[in-house]
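Student: After the sequence you'll find the predicted model.
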Amino acid sequence: MKKVSIVVPLHNERESLPLLIKAISEVLTPMDIEYEIVLVDDGSTDGSFDVLKQLYAQYGSCLRLFRFCRNYGKSAALSVGIKEARGEVIITMDADLQDDPKAIPEMLSKIEEGWDVVSGWKKKRYDPVSFTFPSKIWNFITSILSGVKLHDFNCGFKAYRAEAAKSLDIYGDRHRYLPALAHWDGFKVTEIVVPHHARQFGKSKYGFSKFFSGTLDMLTLLFLRKYFKRPLHFFGFFGFVLILAGGIVLGYFGISWALTGYMKVRPLVVLSMGAVIVGVQLFFFGLMAEMIINMAPKDSYIIREKIE
């Protein structure tokens, strides 16, 4: 293993940063491996980047600093950090001191065993019940829907082979589902128990609302996984079924009208006409979606400042 990259997305964590960098360095320096710490400031407004500059003067070139011009979200910060990382193994962790760098050696050992992704499991947690309870439900549902048997999808403490991490398309809130995305792409995913500490500074940005949004995000990913490259197959199928069903019913009444010369407007006739109309709309919606995915630009983020 030639080089390890530690990618840390952060937002308003100025108090935590000196302790975090010190803890990471104390773990990695004795291991006699080349490493870098890639810190991506996601538009902090508390002076976090000023603290990072001071730390750069202290620790030197092992730190690489990136600063967004505004807050884009954790997925954006992870995406840029992983893209810029130069290591053969990429480890992601949060900046709030809840992730313990002492777990890094075990993660690296798992990578050496042949795993592509090692996900942390915060088995013993120090978060409030308002976060842990919905998180357990959400993890259970996500594990079933994704087909990846993990206890803690939302843990930001993970290790990846570089080729696995850089293959992931990270945007929106996809950072919660990176193990699932890697599994779907054919990479080997495992899980280890990692230490978890209570937050020392600030407040958690997560709550019960994340349960609902997280579940919807997973359903979106399941849809995109199967139909992203062929949306017409999804919309066209339902459109075809509605057109066929409505057409059969209308055809029956049409033949009856031709034979008897009598036609009474019934609710079933109206529903059948509506089914045909909706079916045609779904079909053309699928065609429009096919065109959109071939024209849509990729997400881009403005980096105001970087120090390497």
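Tutor: That came in fine, so what should we check first? Numbers count the residues shown, from 1 in each chain.
Student: Tally up the residues packed near the spatially closest residue to residue 10 that is not a sequence neighbour, please.
Tutor: Of all residues not flanking residue 10 in the chain, residue 95 sits nearest, at 3.8 Å (Cβ to Cβ, 6 or more residues apart in numbering). C-beta coordinates here come from the backbone N, C-alpha and C atoms, glycine included. Neighbours of residue 95 under the rule other Cβ atoms under 10 Å: 26.
Student: In three-state terms, label residue 95 for me.
Tutor: Three-state call for residue 95 (DSSP: H, G, I helix; E, B strand; the rest coil): coil.
Student: What of residue 9?
Tutor: Assignment for residue 9 (three-state DSSP): strand.
Student: That one and residue 40 touch, don't they?
Tutor: Yes: shown here, residue 9 and residue 40 form a contact pair, counting by Cβ atoms under 8 Å, at 5.1 Å.
Student: List the residues that contact residue 168.
Tutor: With contact set as Cβ atoms under 8 Å, 6 or more residues apart in numbering, residue 168 has these partners: 82, 174, 178, 181, 182, 185.
Student: What average pLDDT does the helix or strand encompassing the fourth one get?
Tutor: Put plainly, it is residue 181. Take DSSP states H and E as the rule and residue 181 turns out to sit in helix 178-184. Averaged across helix 178-184, pLDDT comes to 87.
Student: Give me the residues contacting that helix.
Tutor: Under Cβ under 8 Å, 6+ apart, the answer for helix 178-184 is 116-117, 119, 142, 146-148, 150, 153, 158, 160, 164, 167-170, 174, 189, 218, 221, 225.
Student: for stretch 254-268, same thing?
Tutor: So stretch 254-268 is in contact with 249, 253, going by Cβ under 8 Å, 6+ apart.
Student: Just after the worst-scoring helix or strand of the chain on mean pLDDT, pick out the following helix or strand.
Tutor: The weakest-scoring helix or strand in the chain, judged by mean pLDDT, DSSP states H and E, is helix 209-227 (a mean of 63). Next helix or strand after helix 209-227 toward the C-terminus (DSSP H and E): helix 231-260.
Student: Buried ones in that following helix, by neighbour count?
Tutor: By 16 or more other Cβ atoms under 10 Å, the buried positions in helix 231-260 come out as 231, 232, 234, 235, 236, 239, 242, 243, 246, 249, 250, 253.
Student: What is the nearest of those to residue 124?
Tutor: Comparing the buried residues of helix 231-260 against residue 124 with Cβ to Cβ places residue 234 closest, at 42.1 Å.
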